[in-house]
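Q: Provided below are the primary sequence and the corresponding predicted coordinates.
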Amino acid sequence: MNKNFEEPSCNVCNNEFNTFFKKLTPAQIDFLNNNKTCSVVKKGKILYEEGNRISGIFCVNKGILKIYKTGVEGKEQIIKFAKQGDVIGYRSVINGEPACTSVKILEDAVLCHISTPELYHLLRENSEFGIELLQIACKELGEANNYITDIAQKSVRERLAEILLQLKDEFGVNDEGLVNIALTREELANIIGTATESVIRLLSEFKTEGIIELQGRKIKLLDLNKLKKISNVY
């Protein structure tokens, strides 16, 4: 990790990204600022691996991180992506268990680390902060339940359409209309839970139907209504 940069302020992150630290008092924000450690982590690096012990949580000030589990024969199952304002690792820290996922840097990131004792200090001092963290955990549990339902009940074509819409909503688009995250076909397949060949074929179909445009790993969504209809998301 490289630390040749100006550390971000927790106040600025709260204002820009509306993090769950918004429930903290000004004095508690100062405590965070004085006790966190921040670093630049380059694209391609593994932040931590499933089964490792982690010493605290990470806040994403910049960059995109891939959170995944490793299954049979080393095959990845992508759980989610973390971006600016997101916090990762809190489930393992609170449970006192080894990391339940692995994390890889997809785009150069600025990460702030808050140690386990510091997190527990804030949780003991501020019940509203604890409730906010609980609500985020419940939201993630709901998303996991929805994913299980989709895997069981939706076709691969429906799931791909839904994922493309979710990526647009989560990461937005650039001036050219391209979704602001570049994923390999294999990574898309891992999110959906299918073979890479199936994703390649379906992307080609969507392109032929005028629903999307492909520029390398970047995707432009041309017809949102068609994607919503295919995905059965209303």
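A: All right, it came through fine.
Q: Tell me, please, where in the protein the pLDDT is lower than the cut-off.
A: Along the chain, the parts satisfying pLDDT under 70 run over 1-5, 234.
Q: domains for it, by residue range?
A: 10-150, 154-231 (automatic domain parsing).
Q: Dump those domains into JSON lines; add mean neighbour count as well.
A: Quick note: C-beta positions are derived from backbone N, CA and C, even for glycine. Putting these into JSON lines (neighbours: other CB atoms under 10 Å) gives the following:
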{"stretch": "domain 10-150", "mean neighbour count": "16"}
{"stretch": "domain 154-231", "mean neighbour count": "16"}
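Q: from the chain's centre, how far out does the helix or strand where residue 78 lies sit?
A: Taking DSSP states H and E as the definition, one finds residue 78 inside strand 76-82. Relative to the centre of its chain, strand 76-82 is centred 7 Å away, using CA atoms, centre = their mean, to the nearest Å.
Q: other SSEs contacting that strand?
A: Strand 76-82 sits against strand 56-70, helix 185-192, with contacts defined as 3 or more CB pairs under 8 Å, 6 or more residues apart in numbering; DSSP states H and E.
Q: 10 Å - rerun?
A: Packing contacts for strand 76-82, counted by 3 or more CB pairs under 10 Å, 6 or more residues apart in numbering; DSSP states H and E, involve strand 56-70, strand 102-115, helix 127-153, helix 156-171, helix 185-192.
Q: Name the next helix or strand downstream of it, please.
A: strand 87-88.
Q: what about that next one, distance to the chain center?
A: 8 Å.
Q: hang on, residue 14 packs against residue 21?
A: Yes - Residue 14 lies in contact with residue 21 (CB atoms under 10 Å); the separation is 5.6 Å.
Q: Which neighbours do those two have in common?
A: Taking CB atoms under 10 Å, 6 or more residues apart in numbering as the criterion, residue 14 and residue 21 both touch 29, 32, 85.
Q: Spit out the contact partners of the first one.
A: Going by CB under 10 Å, 6+ apart, residue 29 touches 9-11, 13-14, 21-22, 122.
Q: Can I get these in a markdown table including secondary structure and distance to residue 152?
A: Formatted as a markdown table, the contacts of residue 29 follow (DSSP: H, G, I helix; E, B strand; the rest coil; distance: CB to CB, whole Å):
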| residue | secondary structure | distance to residue 152 |
| --- | --- | --- |
| 9 | coil | 44 |
| 10 | helix | 41 |
| 11 | helix | 44 |
| 13 | helix | 38 |
| 14 | helix | 38 |
| 21 | helix | 36 |
| 22 | helix | 36 |
| 122 | helix | 39 |
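Q: From residue 88, how far off is the residue nearest to residue 47 when sequence neighbours are not counted?
A: Spatial nearest neighbour of residue 47, chain neighbours left out: residue 103 (4.1 Å); criterion: CB to CB, 6 or more residues apart in numbering. Going from residue 103 to residue 88 by CB to CB, to the nearest Å gives 6 Å.
Q: repeat for residue 44
A: From residue 44 to residue 88 the distance is 17 Å (CB to CB).
Q: Same check on residue 107?
A: For residue 107, the distance to residue 88 (CB to CB) stands at 15 Å.
Q: And for residue 55?
A: For residue 55, the distance to residue 88 - CB to CB - is 13 Å.
Q: can you list residues touching both of those two?
A: residue 48.
Q: need the contact list for residue 199.
A: 156, 159-160, 163, 183-192.
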